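Peer 1: Predicted structure and sequence below. I'll ask about it afterward.
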Amino acid sequence: MIAYRIKGWKEHYENNRTREMLVMRWVPVPNKHDGEGFQIIMEQDDALKIYACWHLILQVASKCRTRGTLLRDDGTPHTAGSIARKCSCRDIPAMQRALDFCSNGQVSWLETFAIEPAEIPHPPAEIPHKPARNGMEGNGMEGNGKTGEDVPVQSAQTPPERKPRKILMADDGEWFAEIKAQFAKIGIDADFEAVRAKAWLMKTANRHRRFTQSFFINWLNKADRNVNQPQTATPQRDFKKW
């Protein structure tokens with residue numbers, strides 16, 4: 001199988017920014033127009049088609065697992081048809097023309113290499129296991145000399161039942177009293193904020209929320225403090241006069 005590779009990919013189509021990208025969203029392309037390969041393409045009657053398809057080939061190559069090497073995710077080589085489909089290009093003959101022309105000896109923007117079928121990774125084959133018939137196969141007469149009646153049948157193990165997660169509500173009296181005392185120290189009235197929170201939960205857009213402990217803690221953390229609460233005066237240092 002013949003595969004294509006962009007010639008000089010790392011030197012011409014990568015820079016310090018793209019080398020840090022896990023997935024390329026754009027491709028740096030040289031703007032040199034006096035090269036021999038570019039001049040040869042421009043001499044062709046279908047020069048614009050070839051050059052347009054070349055840029056599509058570059059973009060597809062930038063998203064391959066090995067950048068610059070036109071291989072699919074399963075390791076098989078890209079073809080003119082697969083590249084055209086990735087770019088929504090309907091002119092497959094034009095894409096094949098670009099592959100052929102850019103890989104010839106005059107332009108040499110592409111290079112070809114052979115890939116053996118053994119190099120293409122394949123998923124491991126699953127071997128189906130057929131049940132024994134009357135104990136004569138597998139663990140029966142041919143397996144260990146026992147009949148099917150002697151072999152115990154193992155029942156499928158059921159997964160352990162998951163216990164439902166307990167929801168801790170903020171209406172718990174002991175918990176609420178403790179939280180009320182803690183937030184009162186920083187000037188937040190928990191009783192007043194509880195009324196505001198429940199009114200907010202009654203709105204149609206918030207019916208899916210519940211007055212849980214975690215919800216109320218987050219509510220209190222966003223509440224405005226009462227600036228009229230007495231605050232402990234910050235002790236002033238007695239500086240010596242020089």
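Peer 2: Sure, I can see it. Numbers count the residues shown, from 1 in each chain.
Peer 1: in the chain, which spans are helices?
Peer 2: Assigned by DSSP state H, the helices in the chain fall at 9-12, 36-42, 47-62, 80-86, 92-102, 173-184, 190-201, 213-222.
Peer 1: between the ones you listed, which one is nearest to R162?
Peer 2: helix 213-222 (20.5 Å; CB to CB). Any C-beta I mention is one placed from the backbone N, CA and C, and that applies to glycine too.
Peer 1: Going by contacts, tell me the helices and strands next to the closest one.
Peer 2: Under the contact definition 3 or more CB pairs under 8 Å, 6 or more residues apart in numbering; DSSP states H and E, helix 213-222 sits against helix 173-184, helix 190-201.
Peer 1: Reformat the ones you listed as JSON lines; add distance to A3, mean pLDDT and mean neighbour count.
Peer 2: Formatted as JSON lines, the helices and strands packed on helix 213-222 follow (distance: least, CB to CB, whole Å; pLDDT from 0 to 100; neighbours: other CB atoms under 10 Å):
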{"stretch": "helix 173-184", "distance to A3": "66", "mean pLDDT": "86", "mean neighbour count": "13"}
{"stretch": "helix 190-201", "distance to A3": "61", "mean pLDDT": "89", "mean neighbour count": "14"}
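Peer 1: any idea of the pLDDT on P131?
Peer 2: Looking at P131, its pLDDT reads 53.
Peer 1: What residue spans form the domains of the protein?
Peer 2: 2-119, 173-222 (automatic domain parsing).
Peer 1: So which of those is nearest E161?
Peer 2: Distance to E161, taken as CB to CB, is lowest for domain 173-222 among the domains of the chain, at 24.1 Å.
Peer 1: picking that back up, so which of the domains of the chain is the most surrounded?
Peer 2: domain 2-119 (a mean of 15; mean count of other CB atoms under 10 Å).
Peer 1: from the middle of its chain, how far away would that one be?
Peer 2: 26 Å (CA atoms, centre = their mean, to the nearest Å).
Peer 1: Would you format the domains of the chain as TSV with distance to P160 included?
Peer 2: Formatted as TSV, those follow (distance: least, CB to CB, whole Å):
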stretch	distance to P160
domain 2-119	37
domain 173-222	26
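Peer 1: Looking at those, which is nearest to I167?
Peer 2: domain 173-222 (6.0 Å).
Peer 1: first to last residue in the closest one, what's the distance?
Peer 2: 22 Å (CA to CA, to the nearest Å).
Peer 1: what separates it from the chain centre, distance-wise?
Peer 2: Remark: domain 173-222 is offset 37 Å from the chain centroid, using CA atoms, centre = their mean.
Peer 1: Distance check, Q106 against I41.
Peer 2: For Q106, the distance to I41 equals 9 Å [CB to CB, to the nearest Å].
Peer 1: ok so, going back, need the least confident one among the domains of the chain, by mean pLDDT.
Peer 2: Per-segment mean pLDDT for the domains of the chain reaches its minimum on domain 173-222, at a mean of 87.
Peer 1: In CSV, list the C-alpha atoms belonging to stretch 201-214.
Peer 2: C-alpha atoms of stretch 201-214 as CSV (Å, rounded to 0.1, in the frame of the first residue of the first chain):
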residue,chain,number,x,y,z
LEU,A,201,-36.2,28.6,45.9
MET,A,202,-39.9,29.1,45.5
LYS,A,203,-39.4,30.8,42.1
THR,A,204,-40.3,28.8,39.1
ALA,A,205,-36.8,28.9,37.6
ASN,A,206,-35.3,27.5,40.9
ARG,A,207,-37.8,24.7,41.7
HIS,A,208,-35.1,22.1,40.9
ARG,A,209,-32.9,23.4,43.7
ARG,A,210,-33.4,22.2,47.4
PHE,A,211,-32.7,23.8,50.7
THR,A,212,-29.7,21.6,51.5
GLN,A,213,-26.9,22.3,53.9
SER,A,214,-24.4,22.8,51.1
